[in-house]
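Student: When you get a sec, could you give me coordinates for this:
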Amino acid sequence: MKKEPGVFYRNSLSIVMVAFMLAFWSGQFFSGMSTYNKEQKEKGHPELTAGEYSRSGHFIQATFENWESEFLQMTFYVLLTIYLRQKGSSESKSLDQPEPVDREPDPNRPNAPWPVKKGGLWLKLYSNSLTIAFLILFAGSFAMHFYGSLKNYNTEQAGNHQPPVSASSYIGNAQFWFESFQNWQSEFLAVTSIVLLSIWFRQKGSPESKPVDASYDEDAE
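Tutor: Numbers count the residues shown, from 1 in each chain. Below is the predicted model:
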């Protein structure tokens, strides 16, 4: 009898990606705290402990402005790949061939998820649940970015002996939108890169690449 793969093998991609994320997030935390405390010291202000920094606007803003852009990118990518095509790209559906993802859900399919068997509203929600999940994550990250950015801005205002600004005033602040747009544009650049580069370049063994011997104008299968 063939031995079933272990837990790590079956989940290695997500485990390694989460490990990388936590490692880099830790690096962001400690380098950000060091930079922030250096600035505080130069201004004659008290330095923050690790616990205080984790609740600071500086750390919250830096974290969630990046998460926000990632979830926005994935939301648009999931939606746009439904309708739009790029000839020859491994990231695009075929220009003229039917795709398995477009078939109607079959409630009689073995091990079909319960919303498929239930039908109705549950099926409708489940059919769009990936986009809905990314939208919720984007909205939450956007709100936290705004909160962190406002908190950081008002901390700087206090340090300069200026009055704090309200949330309704800050939503139109150029600084907040600069933080957002600088990340949003980079995420769409990254997606554009994988869509276009996968037409001409290959990586043997990766599902993000077409087969090495596939022609440039051949659609991904």
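Student: and Glu187, what does it touch?
Tutor: By C-beta atoms under 8 Å, 6 or more residues apart in numbering, the contact set of Glu187 is Ser69, Glu70, Leu72, Gln73. For the C-beta atoms, the positions are set from N, CA and C on the backbone; glycine is no exception.
Student: Nearest residue to the middle of the protein?
Tutor: Glu70 (2.4 Å; C-alpha atoms, centre = their mean).
Student: quick one: what helix or strand has it in it?
Tutor: Using DSSP states H and E, Glu70 sits in helix 57-83.
Student: helix or strand for the residue nearest to the residue nearest to the centre of the chain when sequence neighbours are not counted, which one?
Tutor: Spatial nearest neighbour of Glu70, excluding adjacent residues (C-beta to C-beta, 6 or more residues apart in numbering): Glu187 at 6.4 Å. Using DSSP H and E, Glu187 sits in helix 174-200.
Student: the inter-axis angle of that helix versus helix 57-83?
Tutor: For helix 174-200 against helix 57-83, the angle between stretch directions is 40 degrees (axes from the mean of the first three to the mean of the last three C-alpha atoms, to 10 degrees).
Student: got the buried residues for helix 174-200?
Tutor: Under the neighbour-count criterion of 16 or more other C-beta atoms under 10 Å, helix 174-200 has Phe176, Glu179, Ser180, Asn183, Trp184, Glu187, Val191, Val195, Ser198, Ile199 buried.
Student: Next: stretch 49-63.
Tutor: Result for stretch 49-63 [16+ other C-beta under 10 Å]: buried residues Tyr53, Ser56, Gly57, His58, Phe59, Ile60, Gln61, Ala62, Thr63.
Student: got the contact list for that stretch?
Tutor: 25, 28-29, 32-33, 36-37, 48, 144-145, 147-155, 179.
Student: And the residue nearest to Glu70, how close does it get to Gly32?
Tutor: 20 Å (C-beta to C-beta, to the nearest Å).
Student: Great, nothing more from me.
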